[in-house]
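Chemist: My questions are about this predicted structure, shown below with the sequence.
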Amino acid sequence: MSSTEKNQSFFKKLRDPYRFAIFNEQTYEELFVIRLSKLNVVTLVGVLSIGLIVFVSFLIAFTSLKEYIPGYPDANQRLLIVRNAQRVDSLLVEINKRDRFINSFQAIVRGDIPDSASQAKSGPTGHQVVRNDVVDFAKSEEDSLFRLEIENEERFNLSVRQPSSKIVALENTFFFSPIKGMVVNGFGEVKGHYGVDIVAARGSRVSAVLDGVVVFSGWTVETGYVIEIQHANNLISMYKHNQNLLKEVGEVVKAGEAIASVGNSGELTTGPHLHFELWYNGTPLNPVEYISF
């Protein structure tokens with residue numbers, strides 16, 4: 001038999017009809033009859049399979065059933081993935097900043113020019129960039145008048161008439177914070193207010209800002225229990241409105257040592273706080289510029 005006859009015989013068998021019937025066992029009555037061929041069965045099964053696959057795919061893609069598939073992240077996991085990606089990106093930025101800082105610091109120690117400085121001179125593309133340190137700023141008449149006005153206003157302000165040597169000495173001095181709290185009244189906010197007011201709980205520890213000797217420890221009507229300490233370099237620190245004093249005149253104290261406790265003593269007070277002043281060569285200083293409260 002040739003191959004053509006075999007193929008025709010095969011397709012003919014696929015199209016051969018078959019009868020599927022359901023009979024009543026007692027009466028032999030036909031209840032259901034269907035005529036099918038092998039080709040019809042294969043076609044029907046294929047169409048149903050494709051439809052079932054498409055239906056299940058849409059069901060998984062557009063419903064929450066996909067979260068039950070092993071290995072597929074749920075909503076919380078996807079949120080964590082996004083947040084972690086953002087944190088990693090921020091961490092990479094910080095690492096790059098740290099690396100640039102370390103490289104610049106090492107270059108300065110070696111006596112070389114940091115990469116950032118060379119890039120600023122030549123520019124990122126190698127072109128010459130105008131340097132700000134060689135720009136000539138001419139003084140205008142309005143600027144001169146404004147400078148004269150400010151100088152006249154600050155002529156009697158003791159805090160601005162400070163020698164440069166004093167500023168350098170204080171910048172190299174480490175001050176211990178007398179107390180941790182919130183600064184409610186700053187330096188010079190009220191006339192005659194030569195310090196800062198720090199709110200803290202009653203009975204909190206008050207510490208000395210530097211090594212020194214107690215030069216005053218007693219009571220005043222306006223500021224209550226007050227203690228003053230003489231430090232090196234003509235520095236004096238004052239602690240007012242205390243609840244009680246722990247040191248006497250003439251005692252030597254160390255930086256960070258307890259000298260009093262926060263209170264509400266004296267007439268010029270509205271609640272438990274510490275009024276702290278810092279003086280240098282008879283000039284009041286703003287403690288916030290040197291101490292972190």
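Modeler: Nice, thanks for sending it over. Please read all numbers here as calculations on a predicted model, not as lab measurements.
Chemist: Every contact and neighbour count from this point should use C-alpha atoms.
Modeler: Fine.
Chemist: any chance you could map the strands in the stretch 51-200 of the chain?
Modeler: Assigned by DSSP state E, counting those that start in this stretch, the strands in the stretch 51-200 of the chain fall at 182-185, 195-199.
Chemist: any idea which of those strands scores lowest on pLDDT?
Modeler: If you rank these by mean pLDDT, strand 182-185 sits at the bottom with a mean of 90.
Chemist: Give me the buried stretch members for that one, please.
Modeler: Buried residues in strand 182-185, counted by 16 or more other C-alpha atoms under 10 Å: residue 183.
Chemist: Turn the strands of the stretch 51-200 of the chain into a markdown table, columns for distance to residue 46.
Modeler: Output for these, formatted as a markdown table (distance: least, C-alpha to C-alpha, whole Å):
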| stretch | distance to residue 46 |
| --- | --- |
| strand 182-185 | 78 |
| strand 195-199 | 82 |
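Chemist: What strands line up against the lengthiest strand in the chain, and which way round?
Modeler: Taking DSSP state E as the criterion, the chain has its longest strand at strand 235-245. The pairing partners recorded for strand 235-245 under DSSP bridges are strand 224-231 (antiparallel), strand 258-262 (antiparallel), strand 273-280 (antiparallel).
Chemist: what's downstream of that strand, the next helix or strand?
Modeler: Sequence order places strand 252-253 as the next helix or strand after strand 235-245, per DSSP states H and E.
Chemist: Relative to that next one, what are the paired strands and their orientations?
Modeler: For strand 252-253, pairing defined by DSSP bridges yields strand 212-220 (antiparallel).
Chemist: ok, residues contacting the strand it pairs with?
Modeler: Here strand 212-220 makes contact (C-alpha atoms under 8 Å, 6 or more residues apart in numbering) with 225-232, 245, 247-255, 266.
Chemist: Tabulate the CA atom coordinates of that strand in PDB.
Modeler: The C-alpha coordinates for strand 212-220 follow below in PDB (Å, rounded to 0.1, in the frame of the first residue of the first chain):
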ATOM      1  CA  GLY A 212      38.400  75.500  87.100                       C
ATOM      2  CA  VAL A 213      38.000  76.900  90.600                       C
ATOM      3  CA  VAL A 214      34.800  78.000  92.300                       C
ATOM      4  CA  VAL A 215      34.900  81.800  92.900                       C
ATOM      5  CA  PHE A 216      31.300  82.300  94.000                       C
ATOM      6  CA  SER A 217      28.800  79.900  95.500                       C
ATOM      7  CA  GLY A 218      25.800  81.500  97.300                       C
ATOM      8  CA  TRP A 219      22.300  83.000  97.200                       C
ATOM      9  CA  THR A 220      21.100  86.200  95.400                       C
END
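Chemist: Quick check: buried residues in it?
Modeler: 212, 213, 214, 215, 216, 217, 219.
Chemist: Need the max-distance pair from the residues you listed.
Modeler: 212 and 219 (20.4 Å; C-alpha to C-alpha).
Chemist: Low-confidence regions, the chain specifically.
Modeler: For the chain, the stretches with pLDDT under 70 are 1-8, 10, 67, 71-75, 115-139, 153-169.
Chemist: got the domain boundaries for it?
Modeler: If you go by automatic domain parsing, the domain ranges for the chain are 3-56, 79-129, 167-289.
Chemist: how about a markdown table for those, with distance to residue 65 added?
Modeler: Converted to a markdown table, those look like this (distance: least, C-alpha to C-alpha, whole Å):
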| stretch | distance to residue 65 |
| --- | --- |
| domain 3-56 | 10 |
| domain 79-129 | 18 |
| domain 167-289 | 54 |
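Chemist: Can you say which of the ones you listed is packed in most?
Modeler: Neighbour counts (mean count of other C-alpha atoms under 10 Å) averaged over each of the domains of the chain peak at domain 167-289, with a mean of 18.
Chemist: who wins for proximity to residue 145 among the domains of the chain?
Modeler: domain 167-289 (25.7 Å).
Chemist: how would you label residue 203: helix, strand or coil?
Modeler: Of the three states, residue 203 takes coil under DSSP: H, G, I helix; E, B strand; the rest coil.
Chemist: In this structure it contacts residue 264, no?
Modeler: No. If you go by C-alpha atoms under 8 Å, residue 203 and residue 264 don't touch, sitting 9.8 Å apart.
Chemist: and for those two, which residues touch both?
Modeler: With C-alpha under 8 Å, 6+ apart as the test, residue 203 and residue 264 both reach residue 243.
Chemist: For residue 181, grab phi and psi.
Modeler: As for residue 181, its main-chain torsions (degrees, to the nearest 10) stand at phi -170, psi -170.
Chemist: residue contacts, it?
Modeler: Counting by C-alpha under 8 Å, 6+ apart, residue 181 has contacts 198, 199, 200, 293.
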